[in-house]
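*Asks:* heads up, no residue letters with this:
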């Protein structure tokens, strides 16, 4: 069965510092990977998808199939990046998402 | 248009009672999902509806949980004989077919079982 692991429940950095939120997965096929974000008192929303290879709000994530990782990175963190971040996996032929446990990011001034 | 809506926003019930949670997906979204969000547990998939196909119920934790979707739109998640461990935020999401990874989430229903 597929599994998504986010090893850090809490991550704290200072404004302007680089940030990396780790995500590892286990799945025997070719997965689609996503990052979702939930800001305080807001709904969970899609941040980015690996297939689009996009940069959203300065965040990027590269799928590393060799290391089965999909880490989320931003070179210069901002206070407004403080939120809960979830990594999610979708199976090749399925529709359900398997989420990690989430990482609460705090960016301090 | 409006996003995914859920009601009630909060529900407090006594152990052993039945509860019904409602979800209104975005118009045109044929796929609908229910998740449970518990402290320290992430999001747990419960059930998935796609059009008129049989739902994927593989995530329902016990036979006390059931869900239906009427007319391909509104969905109701029912929990019978609630237990304290059912306390969580129940999230509903919807998406277009073929874009299952791009899910739009509702605000959730916070269920507290006393």
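*Replies:* Thanks, I have it. Predicted model only: the values in this text are computed from it and were never measured. Residues are numbered from 1 along each chain as shown, chains lettered A, B, ... in the order given.
*Asks:* would you tell me what the next helix or strand after the helix or strand of chain B with the lowest mean pLDDT is?
*Replies:* Within chain B, no helix or strand scores below strand B:42-50, which has a mean of 92 by mean pLDDT, DSSP states H and E. Counting by DSSP states H and E, the next helix or strand C-terminal to strand B:42-50 is strand B:65-69.
*Asks:* buried residues in the following helix or strand past that following strand?
*Replies:* Following strand B:65-69 in sequence order, the next helix or strand is strand B:75-79 (DSSP H and E). Judged by neighbour count (16 or more other C-beta atoms under 10 Å in any protein chain shown), strand B:75-79 contains these buried residues: B:75, B:77, B:79. Bear in mind the C-beta positions are built from the backbone N, C-alpha and C, glycine included.
*Asks:* what's the answer for stretch A:54-73, then?
*Replies:* A:59, A:61, A:63, A:68-72.
*Asks:* same deal with stretch B:40-57?
*Replies:* The neighbour-count check on stretch B:40-57 (16+ other C-beta under 10 Å) flags B:42-50, B:55-56 as buried.
*Asks:* spell out which parts of chain B neighbour chain A.
*Replies:* B:3, B:31, B:33, B:35, B:40-45, B:48, B:50, B:56, B:59, B:91, B:93, B:100-108 (C-beta under 8 Å from any C-beta of the partner chain).
*Asks:* between all of the buried residues of stretch B:40-57, which two are separated the most?
*Replies:* Spatial extent of the buried residues of stretch B:40-57 (C-beta to C-beta) is set by the pair B:42 and B:50 at 23.1 Å.
*Asks:* surely residue A:80 forms part of a helix?
*Replies:* Yes: Residue A:80 forms part of a helix when assessed by DSSP: H, G, I helix; E, B strand; the rest coil.
*Asks:* neighbours of it, how many?
*Replies:* By the criterion of other C-beta atoms under 10 Å in any protein chain shown, residue A:80 has 10 neighbours.
*Asks:* can you map out the strands along chain A?
*Replies:* A:3-5, A:10-14, A:19-21, A:24-26, A:32-38, A:45-49, A:60-61, A:72-74, A:83-90, A:97-99, A:103-108 (DSSP state E).
*Asks:* reformat the ones you listed as CSV; add mean pLDDT and distance to residue B:66.
*Replies:* Shown next, in CSV, are the strands of chain A (pLDDT from 0 to 100; distance: least, C-beta to C-beta, whole Å):
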stretch, mean pLDDT, distance to residue B:66
strand A:3-5, 94, 26
strand A:10-14, 97, 36
strand A:19-21, 97, 36
strand A:24-26, 96, 30
strand A:32-38, 94, 26
strand A:45-49, 92, 28
strand A:60-61, 93, 36
strand A:72-74, 96, 36
strand A:83-90, 95, 25
strand A:97-99, 92, 21
strand A:103-108, 97, 32
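*Asks:* verify the stated contact: residue A:15 with residue A:82.
*Replies:* No: in this structure, residue A:15 is not within contact of residue A:82 by C-beta atoms under 8 Å, at 10.0 Å.
*Asks:* these two: which is more packed in?
*Replies:* With neighbours defined as other C-beta under 10 Å, residue A:15 and residue A:82 compare such that residue A:82 has more, 17 against 14.
*Asks:* over to the more buried one: give its phi and psi.
*Replies:* phi -60, psi 120 (degrees, to the nearest 10).
*Asks:* I'd assumed residue A:107 was in contact with it.
*Replies:* Yes: counting by C-beta under 8 Å, residue A:82 touches residue A:107, with 5.0 Å between them.
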